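In: Build me a structure from this.
(chains A and B)
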Amino acid sequence: MENIDAIAALQDPVRRRLYEYVAAQGREVGRNEAAEAAGVARTLAAHHLDKLAEVGLLDSGSRRLTGRSGPGAGRPAKVYTRAAGERSVSLPARDYRTAAELLAEAAEEAGLDTGLFASARRRGEALRGGAVPCGGFEEAMELLAARGYEPRLETGAEEATGAGSRVVRLRNCPFHAVAERFPPLVCGMNLALLEGLVGKDGPVRARMDARPGECCVVLEESKNNED
Amino acid sequence: MTTTPHGAHLAELNVVTLRRPFDDPSMASFVEQLNPINAAADSAPGFVWRLVEEGSADATGLRPAGEDVVVNLSVWETQEALWDFTYRSGHLEVLRRRREWFARHVEAHLVLWWIPAGHVPSVDEALARLAALRADGPSPRAFTFSSSYTAAEAAHHLSAV
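Out: Next up is the predicted model:
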C-alpha cells in the first residue's frame, strides 16, 4: 500500500508544512528556503524533505542556486518540487477514476458535451449556495481553494489595461487525469462548473485560458462591472 | 529545425464535418477564430509546418475528404508540443465549442504518425494514415494521443504510406 505510506508521511506537522510550502511555490525550492518558511532548522528540514522525496511526494534534484556555473560557482544545492503523480486512498477500495473515465468516454462518443456542461453549471451553483454571485476575487479564491484548484492572484502581467489586468490563475486541476484524456469535454465541464460557482453577472467571471501545466480556466474581473 | 534523437517529426491530421457552410451565420463565430488560431499555431513551441492552400491563409478551402469536411494537417517536433498547442492554448476554447459547428464523428477524426524530419506529408498520405487507424485501430503506423507510439517504435513506418 504505497499510497498509504506516502500519505502517512504527511502526518508529521513539520513535514506537512514543508510539503505544502514546496507544493505552493510551483518551482524548485532549496533546503534553506524551505527551512525558513517552515520555521525549523536546516538539518531538520533536510531530513523531512528527503523523507518526502523517498515516499515519492516530492521530486529532488540538484542545482547551483547562485545561477552561476563553472569553477568557483559553489557546490550544487539540493532542490525539491512537488511530484507530478497523484495519491489517493479509499477504504474500503473504491475506484471512481475508472468510473469517471468510462463515463467520459461514453459521453465523448455520444457527443453529450452540452448536457454535461449544463449539469456542471447547476452543480457549481449548488456548491456556491444561494443566488448571489461571488462578491469578488477573495471570496472566489476561497471557494476554489477549498475545491483544490490552488488559486493565485496575478496582477498586471497581462497587458497594461489598468484594473482589468488582474487575473486569478489556478495551479492545480482537480480533474487532471480525466481532463488529459478528454480535454474538450472535461475542460468544458470544468469551465461550466466554475461559471456556476462564481455566479452570473457578478464582479468575477470564469474564462477559458488554457496553458501548459495549469488548470484551463482563469478568473477575471467582469468587464461590465468596472465602476 | 530541431529534431528528436531519431530525426523524426510528428504529423497530425484531423478532419471536421461542418454542420453548415462557412457563409452560414451560425458558423461566423468559428470562421472568425481561424486566423488568430492559425497564427498561434505558427508561433507555438515545437511547430514545424501546416498545410496551407496556395493563395490562402489556411487549408479550409481544400476539401479532399468531402464537400463539407475540413482537413487540418500539421507537423510538430514532439507529441508534447502538439498536445500543448491542441489542448493547452487558445485552441482548446474552439474545441470546447465544437458541437456548435461540427457534426459528431463516429469514426476516428484525428490521427498521429511519425515522419522523417524534413518530409512534408501529402494530403493523400495523411488520409491513408487516417484510413489505417480507422481500419486497424492504433498501431505504430497510425495512432492517437491516448494510444501513442514513440518514433523509435514507429521506425519501420516512418516514410511508407
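In: looking at chain B, which residue lies furthest from center?
Out: Each residue of chain B has a distance to the centre, and by C-alpha atoms, centre = their mean the biggest one is for residue B:25: 25.6 Å.
In: what pLDDT does that residue get?
Out: Looking at residue B:25, its pLDDT is 95.
In: Also the one 3 residues further on?
Out: Taken from the predicted model, the pLDDT recorded for residue B:28 is 95.
In: And for it, the neighbour number?
Out: Per other C-beta atoms under 10 Å in any protein chain shown, the neighbour tally for residue B:28 reads 12. To be clear about C-beta, it is placed using only N, CA and C from the backbone, and glycine gets the same treatment.
In: from the chain's centre, how far out does the lengthiest strand in chain B sit?
Out: Secondary structure of chain B read by DSSP state E shows that its longest strand is strand B:8-18. From the chain centre to the centre of strand B:8-18 is a distance of 2 Å (C-alpha atoms, centre = their mean, to the nearest Å).
In: Which elements pack onto that strand?
Out: On a contact count with 3 or more C-beta pairs under 8 Å, 6 or more residues apart in numbering or on different chains; DSSP states H and E, strand B:8-18 meets strand B:69-76, helix B:79-87, helix B:98-101, strand B:102-103, strand B:110-116, helix B:123-136.
In: any idea of the mean pLDDT for that strand?
Out: If you average the pLDDT over strand B:8-18, you get 96.
In: Are the host helix or strand of residue A:220 and chain B in contact anywhere?
Out: Element membership for residue A:220, per DSSP states H and E: strand A:217-221. No - Strand A:217-221 stays clear of chain B (C-beta under 8 Å from any C-beta of the partner chain), getting no nearer than 10.2 Å.
In: which residues touch that strand?
Out: With C-beta atoms under 8 Å, 6 or more residues apart in numbering or on different chains as the test, strand A:217-221 has contacts from A:137, A:140-141, A:144, A:151, A:163-164, A:166-170, A:187, A:190-191, A:194, A:198, A:203-209.
In: From those residues, which land in helices?
Out: Members of the contacts of strand A:217-221 lying in helices (criterion: DSSP state H): A:137, A:140-141, A:144, A:187, A:190-191, A:194, A:198.
In: Where do the strands of chain A begin and end?
Out: Assigned by DSSP E, the strands in chain A fall at A:29-30, A:58-63, A:77-82, A:151-154, A:167-170, A:204-208, A:217-221.
In: Next, the angle from the third one to strand A:58-63.
Out: This points to strand A:77-82. Angle of strand A:77-82 versus strand A:58-63, following axes from the mean of the first three to the mean of the last three C-alpha atoms, to 10 degrees, is 150 degrees.
In: Enumerate the residues of chain B near chain A.
Out: Counting by C-beta under 8 Å from any C-beta, chain B sits next to chain A at B:84, B:86-93, B:95-96, B:98-99, B:104, B:106, B:146.
In: where exactly do the helices run in chain A?
Out: Using DSSP H, helices in chain A cover A:2-8, A:13-25, A:31-38, A:42-54, A:96-110, A:113-128, A:137-146, A:176-181, A:183-198.
In: which of these has the lowest average pLDDT?
Out: The bottom spot among the helices of chain A, by mean pLDDT, belongs to helix A:2-8, with a mean of 90.
In: Would you mind extracting the C-alpha trace of it into CSV?
Out: The C-alpha coordinates for helix A:2-8 follow below in CSV (Å, rounded to 0.1, in the frame of the first residue of the first chain):
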residue,chain,number,x,y,z
GLU,A,2,2.4,2.6,-1.3
ASN,A,3,-0.2,5.4,-1.3
ILE,A,4,-1.0,4.9,2.3
ASP,A,5,2.7,5.2,3.2
ALA,A,6,3.1,8.3,1.2
ILE,A,7,0.0,10.0,2.7
ALA,A,8,1.0,8.8,6.2
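In: who in chain A is up against chain B?
Out: Applying C-beta under 8 Å from any C-beta, we find that chain A lies next to chain B at A:109, A:111, A:113-114, A:181, A:183-184, A:187-188, A:191, A:208-214, A:216.
In: rerun that using 6 Å as the cut-off
Out: Counting by C-beta under 6 Å from any C-beta of the partner chain, the residues of chain A close to chain B are A:111, A:113, A:181, A:183-184, A:187-188, A:208, A:210-212.
In: So which of those is the closest to residue B:156?
Out: residue A:181 (27.9 Å; C-beta to C-beta).
In: Report the contact partners of that closest one.
Out: residue B:146 (C-beta atoms under 6 Å, 6 or more residues apart in numbering or on different chains).
In: do residue B:97 as well
Out: By C-beta under 6 Å, 6+ apart, no residues touch residue B:97.
In: Specify the beta-bridge partners of residue B:50.
Out: Assessed by DSSP bridges, residue B:50 has beta-bridge partners residue B:74.
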